[in-house]
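Novice: have a look at this prediction, sequence included:
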Amino acid sequence: MQIRKKRHACSPETAIKETASWGCSMLMLMVMAVYSKAEYCEMVLLYGQCRRKARSAARLYRQRFPAGPHPSHQTILTVVKRLRETGCITSRPRSGRPAKVGRQVQPDEVLAYALAYPKCSVREISQHCGLSKSQVWKILSESGAHPYRPTPQQVLVDGDAERRYAWCNFVMNQIQVQPTFLADIMWTDEACFSRNGMYNRQSTHYWALDNPKCFVDVRHQMRYAINVWCAIYNNKLIGPIFYNGALTGARYLQLLQKVIPDFVENLPLFNLKNLWFQHDGAPAHKTSPVKQYLVKEFGNQILGYGGFQEWPPRSPDLTPLDFFLWGYLKQQVYATPPQQLQDLKRRITVACANVSRCMLQRVQRDLQARIQMCIVADGEKFEHLK
């Protein structure tokens, strides 16, 4: 039996449509993919030179550039049409921020928008003004503008400002009578050091030519932490004293009974007479046994609960351990991640030993300046005045 091969039959109309579609597709591919921007520009220039005659422009193009691909007169007409309609000689659609044709953006407009909306990003300014982000950065830098970062601060509640103002006035009056009053205060506080530590992503960078995709371990399943008590007196650091668990009244009393007698015993009588004890209003500081013990040791010279002058709550900006010591110690301790609890304790001890007398003298001067600024601010926050 002879097998005949069947031929695909189609109508003449269908064949003509398929041929035309294929021809248009090939024409678009030639226009979009074959030529560069410089070659498109030559097509347009020759089209104008030949007085808008596309066939003459195509012949002249072949004469001037015999080695390269030669566009047809239809290609030249397509490029000219696209230039008139879109303002672009390439067929690739424009992406990114929209161009503002015919509008010159002045540097004052960029600066005015940034000052009117100080929390906006460079991307938002770029989209609003129709400029690139690099141009926006350049204009803002030349105008003297800088993206300052806000400083976090403790929230005050009603009545805090009056208590802070009263406490600062009390300290300044004492300084007028006794210029060494700030040095005669035994400033105390507690802090917790954990394995996770602190990680500031904004100040961490890794320079490389390619993205190294590096990581930093910040959360650990095996956790450990240690609580630390420290004190500052007469430009000297006392401690660190380690204790486990949450600070309760009984544990705080045991800590004081361990530290205070040895400290008082080695203190000259003149300094002991002028000694003041300071602690904040933590719940463990307000128990009756703690109050009785402190009154027995220091009399009325206590800055805090049960003393001559109550400590203003929510005021970490007025105690040197909060605004200086803990931040300095954690910066030293967490320079590299601690591996074990004993390593964490050793680092804390070494960091405390590195706190010099000169450093604490500068802290004391800073403390007096802070107290004065708090008075100027009527007890409100004053970090912005520094």
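Specialist: The structure has been received and is ready for your questions. What you see is a predicted model, and the numbers here were worked out from it, not measured in a lab.

Novice: name the element the closest residue to Thr349 other than its chain neighbours belongs to?
Specialist: Leaving aside its sequence neighbours, Thr349 sits nearest to Pro240 (Cβ to Cβ, 6 or more residues apart in numbering; 6.3 Å). Every C-beta, even on glycine, is put in place using the N, C-alpha and C of the backbone. According to DSSP states H and E, Pro240 maps onto strand 236-243.

Novice: show me how far that strand is from its chain's centre.
Specialist: 32 Å (Cα atoms, centre = their mean, to the nearest Å).

Novice: ok, residues contacting that strand?
Specialist: 186, 226-232, 251, 255, 258-259, 263, 325, 345, 348-349, 352, 355, 357, 360 (Cβ atoms under 8 Å, 6 or more residues apart in numbering).

Novice: about what we covered before: run a quick neighbour tally on the residue nearest to Thr349.
Specialist: Pro240: 20 surrounding residues under other Cβ atoms under 10 Å.

Novice: got it, and Arg64?
Specialist: 10.

Novice: how about Lys286?
Specialist: Neighbour number of Lys286 under other Cβ under 10 Å is 15.

Novice: which ones are touching it?
Specialist: 249, 305-306.

Novice: and Ser126, what helix or strand is that in?
Specialist: Assessed by DSSP H and E, Ser126 sits inside helix 122-129.

Novice: dump the very next helix or strand once past that helix to CSV, restricted to CA.
Specialist: Proceeding N to C from helix 122-129, the next assigned helix or strand is helix 133-142, under DSSP H and E. The C-alpha trace of helix 133-142 is given here as CSV (Å, rounded to 0.1, in the frame of the first residue of the first chain):
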residue,chain,number,x,y,z
LYS,A,133,18.1,60.7,44.0
SER,A,134,21.8,61.6,43.4
GLN,A,135,20.7,65.1,42.2
VAL,A,136,18.5,65.5,45.3
TRP,A,137,21.4,64.5,47.6
LYS,A,138,23.7,66.9,45.9
ILE,A,139,21.3,69.8,46.1
LEU,A,140,20.5,69.2,49.7
SER,A,141,24.2,68.8,50.6
GLU,A,142,25.2,72.0,48.9
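
Novice: helix 133-142 vs helix 122-129, what angle?
Specialist: Angle, helix 133-142 to helix 122-129, by axes from the mean of the first three to the mean of the last three Cα atoms, to 10 degrees: 100 degrees.

Novice: tell me the first helix or strand C-terminal of helix 133-142.
Specialist: Next along from helix 133-142, by DSSP H and E: helix 160-177.

Novice: tell me the helix or strand right after that next one.
Specialist: Past helix 160-177, the next helix or strand by DSSP H and E is strand 185-194.

Novice: other SSEs contacting that next one?
Specialist: Packing contacts for strand 185-194, counted by 3 or more Cβ pairs under 8 Å, 6 or more residues apart in numbering; DSSP states H and E, involve strand 225-233, strand 276-278, helix 326-333.
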